[in-house]
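Q: fold the following, please.
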Amino acid sequence: MPCNAGHLSLKKNKMFILPKTIILSPLFCFSKKRLFEEVADFASCELNTHAKDLIFALNEREKKGTTVCFDGIAIPHASISDIPNTLGILSILDKPILFNSIDAQEQNVDIAYTFFISQNEDYTKIENLLKELSQQLAHNDLLNALRLCRGEKNKVSDILNKMDLSLNKIINGKQ
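A: Okay, here's the model as predicted:
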């Protein structure tokens, strides 16, 4: 797969919280394993690293506990050495997949926001981002909007930019 094929990146506003994000929508895959392979393929091009290392890191993180935060939503993430910046990949799946877990019941997931976290990042900042993002994604209106925009990457990008502004207000205490 050629790098930069078939994706759109999140537009950046002046004060952003979300890292650069690649949008994969709709993404056709049939399992968590395949989701991780697809996401790692795109990320490896952007991060100039090997996809197999990214897949390994995601799987190692999953062994510590589930990254499913609500019905239908997962936020897989892993810390990666030797990458300069954190990268996000928002995948809106064509159909839900079974997202098995070592510490929880298996759940169907149709939206996965994956993060490859640079070890240069402030851990507290990333922890706050993941916490606030999971709370934002818990809102049914937002989830329905993302699901309805499947296949319309510009609309998904607009939603991400609105989420970014909202996260900025929350995290920086401007609410």
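Q: return the set of buried residues in stretch 24-40.
A: For stretch 24-40, burial by neighbour count (16 or more other CB atoms under 10 Å) applies to 24, 25, 26, 27, 29, 32, 35, 36, 37, 38, 39, 40. Glycine gets a C-beta too; all of them are placed from N, C-alpha and C.
Q: repeat for stretch 83-103
A: Within stretch 83-103, the residues scored as buried using 16+ other CB under 10 Å are 83, 86, 87, 88, 89, 90, 91, 92, 93, 97, 99, 101.
Q: with pLDDT, distance to residue 162 and secondary structure added, can I get those residues in CSV?
A: Listed next are the buried residues of stretch 83-103 as CSV, based on pLDDT from 0 to 100; distance: CB to CB, whole Å; DSSP: H, G, I helix; E, B strand; the rest coil:
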residue, pLDDT, distance to residue 162, secondary structure
83, 93, 27, coil
86, 93, 20, coil
87, 95, 20, strand
88, 95, 15, strand
89, 96, 19, strand
90, 95, 13, strand
91, 96, 19, strand
92, 96, 16, strand
93, 96, 22, strand
97, 94, 27, strand
99, 86, 26, strand
101, 65, 30, coil
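Q: need those in TSV (columns: distance to residue 17).
A: Shown next, in TSV, are the buried residues of stretch 83-103 (distance: CB to CB, whole Å):
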residue	distance to residue 17
83	19
86	11
87	14
88	11
89	16
90	14
91	20
92	20
93	24
97	28
99	25
101	27
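Q: quick check, nearest of those to residue 121?
A: Nearest to residue 121 out of the buried residues of stretch 83-103 is residue 86 (CB to CB; 5.5 Å).
Q: list the contacts of the closest one.
A: 19, 20, 115, 116, 117, 118, 121, 126 (CB atoms under 8 Å, 6 or more residues apart in numbering).
Q: that's all I had, so thanks and see you.
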